[in-house]
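Q: Here is the input, now give the coordinates:
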Amino acid sequence: MKKLSLLFILPLILLVGGCYNPFYPKTEEGELIRPVEPELVIDNLVMAFNSRDIVGYVNCLDPDSFRFFFDSAEDSIEEILRQNLGLDSLYWGLEEERFSTEALFSSVSYLYLEMIYVGGFRPSDDRAVLYYDYHLEIVPSPERKPIEGRAYFILKRHDNGLWFILEWHDFTYG
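A: Residues are numbered from 1 along each chain as shown. Model (predicted):
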C-alpha cells in the first residue's frame, strides 16, 4: 500500500514542483517583476502603463540611451513632430518619452495596453530583439477607435544582469 501511495504522490510532487519557475517569479497584481529576462521587461512595461505607474514605466527603459522610433509611414508624422515638439528626427529619447507618457496618464479617463508576443531572437548574450503586436485603448481618443500595430524592441542586459529597452520601434496599422 505504501508503494502504491508513493507512486501516486511522487508524480504529483514533481508536477506541482515543476510549476515553480525561479526565473519567472509569481507576483501580486501591480507588482513589477525583476527583469532578469527580456520578456519580463515588456511584461513590466505593460503592467506599469496600465496602472499609470510612471516610475515603473520609465524603469523599463535604458537610462543611458533609450530611443523611441516613430512609424515613418504614418502620414505627416514628421510635420507633427517638427511643429508640435520641435523635433527634427523620427525618434525621441527618455525624457521626451517620460513627459509624453506622463501627459497621457494625466489627460485620459481610461487606457489599456495589451501586447501579444510574436517572436524574437538574441543576437548576443547581452542583446535581445522582441516583436509584439499591440492593442491600445484610450478614452477619450483622438482616433475614436483602438490603436493597433506592431512594435519591435531591442533590449540590452546591463552588467547587473537586468534587461532594459534600448530601442522601441512603432508601426501602427491602418
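Q: C-alpha only now, for contacts and for neighbours.
A: Will do.
Q: Give me the three-state assignment for the residue positioned nearest the centre of the chain.
A: Geometric centre of the chain, nearest residue: residue 42, 2.7 Å, by CA atoms, centre = their mean. Put simply, residue 42 is helix when judged by DSSP: H, G, I helix; E, B strand; the rest coil.
Q: What residue, apart from its backbone neighbours, is nearest it spatially?
A: Spatial nearest neighbour of residue 42, chain neighbours left out: residue 60 (7.7 Å); criterion: CA to CA, 6 or more residues apart in numbering.
Q: wait, the one you found sits on residue 41?
A: Yes. Using CA atoms under 8 Å, residue 60 is in contact with residue 41, at 5.9 Å.
Q: Quick check: neighbours shared by the two?
A: Residues touching both residue 60 and residue 41 (CA atoms under 8 Å, 6 or more residues apart in numbering): 163, 164, 165.
Q: What segments of this structure are strands?
A: In the chain, the segments counted as strands under DSSP state E are 67-69, 91-92, 110-124, 127-139, 147-157, 163-172.
Q: so who does the residue nearest to residue 42 touch?
A: By CA under 8 Å, 6+ apart, the neighbours of residue 60 are 41, 42, 44, 45, 163, 164, 165.
Q: so where's this structure uncertain?
A: 1-30, 74-89, 174 (pLDDT under 70).
Q: rewinding a little: nearest to residue 99, of the shared contacts of residue 60 and residue 41?
A: Relative to residue 99, the closest of these is residue 165; by CA to CA it sits at 17.1 Å.
Q: Quick check, residue 108 in contact with residue 140.
A: Yes. With contact defined as CA under 8 Å, residue 108 reaches residue 140; the gap is 6.0 Å.
Q: Closest one to residue 35 out of the shared contacts of residue 60 and residue 41, please.
A: residue 163 (5.7 Å).
Q: Go ahead and confirm that closest one touches residue 157.
A: Yes. At 4.2 Å, residue 163 and residue 157 qualify as touching, with contact defined as CA under 8 Å.
Q: So the two - more neighbours on which side?
A: residue 163 (26 against 20; other CA atoms under 10 Å).
Q: which residues does that one contact?
A: 35, 36, 37, 38, 41, 60, 155, 156, 157.
Q: want to throw those into TSV with distance to residue 169?
A: Shown next, in TSV, are those (distance: CA to CA, whole Å):
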residue	distance to residue 169
35	20
36	22
37	20
38	16
41	15
60	15
155	12
156	15
157	18
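Q: top of the residues you listed by neighbour count?
A: Neighbour max across the contacts of residue 163 (other CA under 10 Å) = residue 155, 27 neighbours.
Q: my read: it touches residue 131, true?
A: No. Applying CA under 8 Å as the test, residue 155 and residue 131 come out as separate, 11.1 Å apart.
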